[in-house]
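Visitor: okay, structure incoming, though there's no sequence with it:
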């Protein structure tokens with residue numbers, strides 16, 4: 001296993017949920033760590049924001065040998081969105097890449113205003129799990145099948161996880177369930193394929209739209225108050241802060257494949 005890498009190599013990097021928040025921040029940070037002739041595939045439901053990010057990345061890469069940046073406007077919670085993303089990845093010229101990096105960042109908080117016993121609608125639950133669990137498995141499987149292991153190719157899969165994968169939060173049954181399922185999914189993947197590098201990374205409490213949603217709508221009063229307190233006391237992390245730690249972990253490349261690493265543990 002390599003360690004203390006200087007960059008992420010000549011890579012094809014796929015990021016879901018890339019149009020805003022943590023995904024957008026990761027795209028910017030990763031672009032600066034790629035060798036010339038690398039490619040970024042940015043996936044989101046928001047086409048306009050993706051185009052803005054693409055323009056920013058291409059402008060900043062002119063002096064560093066260029067970067068291929070492709071956008072896929074798709075909902076990865078739908079079968080068509082997953083298939084379109086895999087198809088777009090296969091269409092990018094990748095004969096010279098030495099690193100495949102897939103970051104499963106797309107996720108939603110779900111309805112946190114209600115408690116577990118209110119979720120009697122199977123369709124509602126299934127729709128949530130489709131985006132937050134099923135799509136991550138199907139997309140990862142599709143990408144890895146399209147780019148099988150070969151000599152000289154390093155393959156890395158990152159799952160953007162959460163403390164909620166390990167601890168229950170009242171009125172957050174959907175989110176906690178989805179994050180716990182995703183962690184186990186990628187732990188199994190790591191066990192099945194020892195040549196694959198797999199990481200579950202919990203970025204900590206980020207100052208994002210999702211956190212604002214949590215502060216406004218969380219049904220459990222004590223939990224809702226704790227989010228407001230973190231904001232007022234300046235304890236929320238910027239996406240850049242957390243992303244910097246993730247980049248360090250990926251560059252050092254010393255983590256146990258399948259591990260759950262939290263921002264505060266590093």
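Guide: Right, received. Where do you want to start? These numbers come from a predicted model, not from an experiment. Numbering: from 1, shown residues only.
Visitor: wait, residue 156 touches residue 98, no?
Guide: No - under the criterion of CB atoms under 8 Å, residue 156 is not in contact with residue 98, lying 11.5 Å apart. All C-beta atoms are positioned from the backbone trio N, CA, C, and that covers glycine.
Visitor: so where do the strands sit in the stretch 101-250 of the chain?
Guide: 154-160, 197-202 (DSSP state E, counting those that start in this stretch).
Visitor: which of residue 156 and residue 98 has more neighbours?
Guide: Per other CB atoms under 10 Å, whichever of residue 156 and residue 98 has more neighbours is residue 156, with 20 against 14.
Visitor: ok, the more buried one - contacts?
Guide: 99-102, 196-199, 250 (CB atoms under 8 Å, 6 or more residues apart in numbering).
Visitor: could you check stretch 40-55 and say which residues are buried?
Guide: For stretch 40-55, a neighbour-count test (16 or more other CB atoms under 10 Å) marks 40-45, 49-50, 53-54 as buried.
Visitor: look up how far residue 239 lies from the spatially most central residue of the chain.
Guide: In the chain, the C-alpha nearest the mean C-alpha coordinate belongs to residue 105, at 2.0 Å (CA atoms, centre = their mean). Residue 105 sits 11 Å away from residue 239, going by CB to CB, to the nearest Å.
Visitor: and the furthest pair within the buried residues of stretch 40-55?
Guide: Pairwise distances across these peak at 17.6 Å for 40 and 45 (criterion: CB to CB).
Visitor: go ahead and confirm residue 240 touches residue 26.
Guide: No - taking contacts as CB under 8 Å, residue 240 lies outside contact range of residue 26: 9.6 Å.
Visitor: so where's this structure uncertain?
Guide: The chain contains residues with pLDDT under 70 at 1-3, 61-65.
Visitor: residue 240 and residue 26: which is more packed in?
Guide: Per other CB under 10 Å, whichever of residue 240 and residue 26 has more neighbours is residue 26, with 25 against 13.
Visitor: quick one, what contacts residue 246?
Guide: 26, 158, 201, 203.
Visitor: distance of it relative to residue 238?
Guide: Counting by CB to CB, the gap from residue 246 to residue 238 is 13 Å.
Visitor: just residue 134 next, same as before
Guide: To residue 238, residue 134 is 31 Å away according to CB to CB.
Visitor: can you check residue 29 too?
Guide: Taking CB to CB, one finds residue 29 at 12 Å from residue 238.
Visitor: what comes up buried for stretch 98-108?
Guide: Neighbour-count burial for stretch 98-108 [16+ other CB under 10 Å]: 99-108.
Visitor: and that stretch, how far out from the chain middle?
Guide: 5 Å (CA atoms, centre = their mean, to the nearest Å).
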